[in-house]
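Participant: One predicted model, sequence on top.
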Amino acid sequence: PSHDRLGEEAAPLIEEFVIPTANLAAADGTLNAPTYTPPTSIGNFRRTTNGIQVVDDALPAPITICPHDLWITRNSHDRYTDSRITTVCYTDNFGDTHEHQLKASVLADQKALLTWLYDKGLYINVEHAKIMSSYLQAYINDIAKNQKTIHLHSTMGWATERDIDGREKRVSGFVLGNKLITENGVVEAGLSPKIREFSRCFHSDGSREAWIDGTKIFQEEGFEPRAFAFLCSFGAPLMKFTGNLNAGIVSLLGLTGAGKTTSALYGLSIYGNTERTCVKWTDTVNAIHNLFGEAKNLPVCVDEMTNV
């Protein structure tokens, strides 16, 4: 392969996906939908610097049900679990804001809601659990009226829109890390909690110039098999468009120290940290299945196949 071609074509794949595009029209599965601005008052509830309060003419004074400001910013649909995911924000004792996701069903279960709040260091009176549930439900209802539900991605790779019968209508973009790459630009992707941790390994790091310089070794005579192994990672996302053949297996055979693993890992580094996308012989069967499922259209390396 030509080093000039690698230098010109490989580099954009490494860096451009992290550059956000402004004023991009909202698409399904992105977080670029119109921003929901949580109101400071909803029904009889008030958000104040002293926490969440209930205000009612029948009460001699407002009742504080939570000493922290807490609000909901997003209501999403997790396609993997077919459940609603609520994004909750709150401030701690030092004024810092935190964001967490939880299943919407937790809000209807007072015991589960109390457990979640206590785990986050948000201590409320047990008697106020029902009132807190009503407060959060009021926000969900308000979001439902003002913001379209966001469908969360549960895998990396090609994102597709489907019709009511579940048939694929069109490809809407490519999920890489926490970004959705579309024909119009790059936006933040809505991710299922299932793959949030996995998504963090797909990011740029180190020197792009040094990475490109390292590809020079593949143009050496006799390195064609290693170059092929490396270039397979570029081809992995394109397998979807080969018809019914959505995936392929490339086996690298040779003596120990011949560069099989190094070439494969160099290919994986196109997309991010190789540690999470390389199967180790100590991994369980379930872990291997989950990795292939979450990576989807991205390449995965199985090192030392004889031990798996």
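Facilitator: Structure's in. What do you need? As the structure is a prediction and not an experimental result, all values here were calculated from the model.
Participant: now the closest residue to residue 296 other than its chain neighbours, which residues is it bridged with?
Facilitator: In space, and not counting its chain neighbours, residue 296 is closest to residue 157: 3.6 Å by C-beta to C-beta, 6 or more residues apart in numbering. C-beta here means a position set from N, CA and C on the backbone, and glycine is covered the same way. Beta-bridge pairing of residue 157 under DSSP bridges involves residue 175.
Participant: pretty sure residue 157 is touching residue 293, no?
Facilitator: No - Residue 157 is not in contact with residue 293 according to C-beta atoms under 8 Å; the separation is 10.4 Å.
Participant: Quick check, central residue of the chain?
Facilitator: residue 191 (3.5 Å; C-alpha atoms, centre = their mean).
Participant: Please tell me I have it right and it contacts residue 178.
Facilitator: Yes - counting by C-beta under 8 Å, residue 191 touches residue 178, with 6.2 Å between them.
Participant: neighbours around residue 246, how many?
Facilitator: 12 (other C-beta atoms under 10 Å).
Participant: follow-up on the earlier one: residue 157 and residue 293: who's more crowded?
Facilitator: In this view residue 157 and residue 293 are compared by other C-beta under 10 Å, and residue 157 has more residues nearby, 17 against 14.
Participant: Spit out the contact partners of that one.
Facilitator: Applying C-beta atoms under 8 Å, 6 or more residues apart in numbering to residue 157 gives the contacts 174, 175, 237, 240, 295, 296, 297, 298.
Participant: gap between the second one and residue 81?
Facilitator: For residue 175, the distance to residue 81 equals 17 Å [C-beta to C-beta, to the nearest Å].
Participant: The two: which is more packed in?
Facilitator: A direct count of neighbours by other C-beta under 10 Å for residue 175 and residue 81 places residue 175 higher, at 27 against 14.
Participant: for the helix of greatest length in the chain, packing partners?
Facilitator: With secondary structure taken from DSSP state H, the chain has its longest helix at helix 129-146. Of the remaining helices and strands, those touching helix 129-146 by 3 or more C-beta pairs under 8 Å, 6 or more residues apart in numbering; DSSP states H and E are strand 41-42, strand 51-54, strand 63-66, strand 70-78, strand 83-91, helix 110-119.
Participant: Show me what counts as buried in that helix.
Facilitator: Neighbour-count burial for helix 129-146 flags 129, 131, 132, 133, 135, 136, 138, 139, 142, 143 (criterion: 16 or more other C-beta atoms under 10 Å).
Participant: Tell me how many other residues surround residue 193.
Facilitator: By other C-beta under 10 Å, neighbour count at residue 193 equals 17.
Participant: Could you give the bridge partners of the closest residue to it other than its chain neighbours?
Facilitator: In space, and not counting its chain neighbours, residue 193 is closest to residue 101: 5.4 Å by C-beta to C-beta, 6+ apart. Judged by DSSP bridges, the bridge partners of residue 101 are residue 87.
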